[in-house]
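**Q** Model the structure of this input:
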Amino acid sequence: MSERQRVANQRNATHSTGPRTEAGKRASSRNALRHGLGRDPLADVVLAQEVEKLARRLCAETSGRGLEQARVLAATIIQTQRVEAAKLLLFSRLERAGEDDAGASGMSTEDDADSINEICRELDRLDRYAQRAASRQRKAVRDFLS
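**A** The predicted structure follows:
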């Protein structure tokens, strides 16, 4: 890399400081959660342990069906629970936002409305993960029981 290119990169890097608005900062702070939901639970050490325990329990309760199929099913169950937990967090945020609106003046301010709209958009985005998790879970149940 030339000296000129290095200086240009440093200059350009000063322009890339991340989100500047409050809405942008809020959205950015939730990226890890949102993107983490698309990740396979087996890729996370703690979740993999939960998957393994659940898989062994499923095998024990079903006369020793295949452990590998039980792992797949357990991973889909854990994934569905994670999506539902994320939805519950958003619903509680929505409820608090509604309580704040009613408690203040009985009228919603523009910021409050924006906050509520953002939460609703996030709930819509979570539906993608919920649908995918449900679809995988249905297939895993069929495979496990066949």
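**Q** Tell me where the protein has helices.
**A** 3-13, 22-29, 31-37, 45-61, 67-104, 110-145 (DSSP state H).
**Q** quick one, which of those helices is packed in tightest?
**A** helix 67-104 (a mean of 16; mean count of other C-beta atoms under 10 Å). In this view, the C-beta of every residue, glycine as well, is placed from N, C-alpha and C.
**Q** Can you give the distance from that one to the centre of its chain?
**A** 8 Å (C-alpha atoms, centre = their mean, to the nearest Å).
**Q** Start at 4, not 1
**A** Yep, numbering from 4; the last one is helix 70-107 now.
**Q** Can you find the helix or strand in the chain with the smallest mean pLDDT?
**A** Least confident element among the helices and strands of the chain, by mean pLDDT, DSSP states H and E: helix 34-40 (a mean of 66).
**Q** so what's residue 45 up against?
**A** By C-beta atoms under 8 Å, 6 or more residues apart in numbering, residue 45 lies in contact with 51, 54, 74, 78.
**Q** I'd like the distance between it and residue 64.
**A** Residue 45 is 21 Å from residue 64, where distance means C-beta to C-beta, to the nearest Å.
**Q** So, low pLDDT: which residues of the protein?
**A** 19, 32-38, 67, 101, 103-111 (pLDDT under 70).
**Q** One more pass at 90, please.
**A** Scanning the chain with the threshold set as pLDDT under 90 gives 4-5, 9, 11-49, 62-70, 86, 89-90, 92-133, 135-136, 147-149.
**Q** you'd agree residue 133 is up against residue 86?
**A** Yes - the criterion here is C-beta atoms under 8 Å, and residue 133 meets it with residue 86 at 4.8 Å.
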